[in-house]
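[1] fold the following for me, if possible:
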Amino acid sequence: MPQKKRVGIFSLTCDEGCSIYLTEIFNHKLIEWLEKIELVYFLSIKDRTEIKDLDIALVEGVVTSEKDKEELEEIRRNSKILIAMGTCAMTSLPSGQRNNFDEEKQEEIKEHVGKYHFLPKALALKDVVQVDGEIPGCPIGEGIFIECFERYL
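    From the prediction side, this is the model:
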């Protein structure tokens, strides 16, 4: 029997809609996938986690802080395949909408950006690390998620 793929699912700054929707996809596919995967990181359903020796990392959200950037770089170092899950991860929008604020609005939020140690701009994953695949949607679409994920299984 082939070795199971080690899979981690991560959420950076966002509303976690993709992860929530993924649990719905699991209702239909998880039993089948458990023959092929070992789910080693997914805070939504696991209390013990590890970020090492991952075959596939699914990451949603945007990089808004140095902490997010460091976490994403750690995920990339420890993953063979990194997939941007959702439109935010691919483009930084809509979660990174502050990137499109005019000067007046930027000045208005300047104190909060500093207070919470945010980067000057919210970044898509590919602005920080190499991304091997993308699953569009806000939240993700079931069919395209299954197609992309199973390609790497």
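
[2] what confidence value was assigned to the residue lying farthest from the centre of the chain?
    Largest separation from the mean C-alpha position in the chain: residue 104, at 30.7 Å (CA atoms, centre = their mean). For residue 104, the pLDDT comes out at 96.

[3] ok, residue 48 next?
    Looking at residue 48, the pLDDT reads 66.

[4] what part of the chain, helix or strand, is modelled with the least confidence?
    When the helices and strands of the chain are scored by mean pLDDT, DSSP states H and E, helix 17-33 comes last with a mean of 86.

[5] and the helix or strand residue 83 falls within, what does it pack against?
    Using DSSP states H and E, residue 83 sits within strand 79-85. Applying 3 or more CB pairs under 8 Å, 6 or more residues apart in numbering; DSSP states H and E, one finds that strand 79-85 contacts strand 54-60, strand 133-135, helix 142-152. From N, CA and C alone the C-beta is placed, and that goes for glycine too.

[6] pairing partners for it, with directions?
    Next to strand 79-85 in the sheet, as set by DSSP bridges, lie strand 54-60 (parallel), strand 133-135 (parallel).

[7] which strands and helices sit next to the helix or strand following the first one?
    In the C-terminal direction, the helix or strand that comes right after strand 54-60 (DSSP H and E) is strand 63-65. Strand 63-65 sits against strand 118-123, with contacts defined as 3+ CB pairs under 8 Å, 6+ apart.

[8] can I get the strand it packs on in CSV, CA atoms only?
    Provided in CSV are the C-alpha atoms of strand 118-123 (Å, rounded to 0.1, in the frame of the first residue of the first chain):
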residue,chain,number,x,y,z
PHE,A,118,1.0,45.0,10.2
LEU,A,119,3.1,45.1,7.1
PRO,A,120,2.6,48.2,5.0
LYS,A,121,0.6,46.1,2.5
ALA,A,122,-1.3,42.8,2.8
LEU,A,123,0.5,40.2,0.6
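
[9] can you list contacts of that strand?
    13, 62-66, 69, 92, 95-96, 98-99, 112-113 (CB atoms under 8 Å, 6 or more residues apart in numbering).

[10] switch the cut-off to 10 Å
    12-14, 61-66, 68-69, 72, 88, 92-93, 95-99, 106, 109, 112-113, 127-128 (CB atoms under 10 Å, 6 or more residues apart in numbering).

[11] what's the distance between the closest residue in space to residue 13 that isn't next to it in sequence and residue 74?
    Nearest residue to residue 13 in three dimensions, chain neighbours excluded: residue 64, at 4.3 Å (CB to CB, 6 or more residues apart in numbering). For residue 64, the distance to residue 74 equals 16 Å [CB to CB, to the nearest Å].
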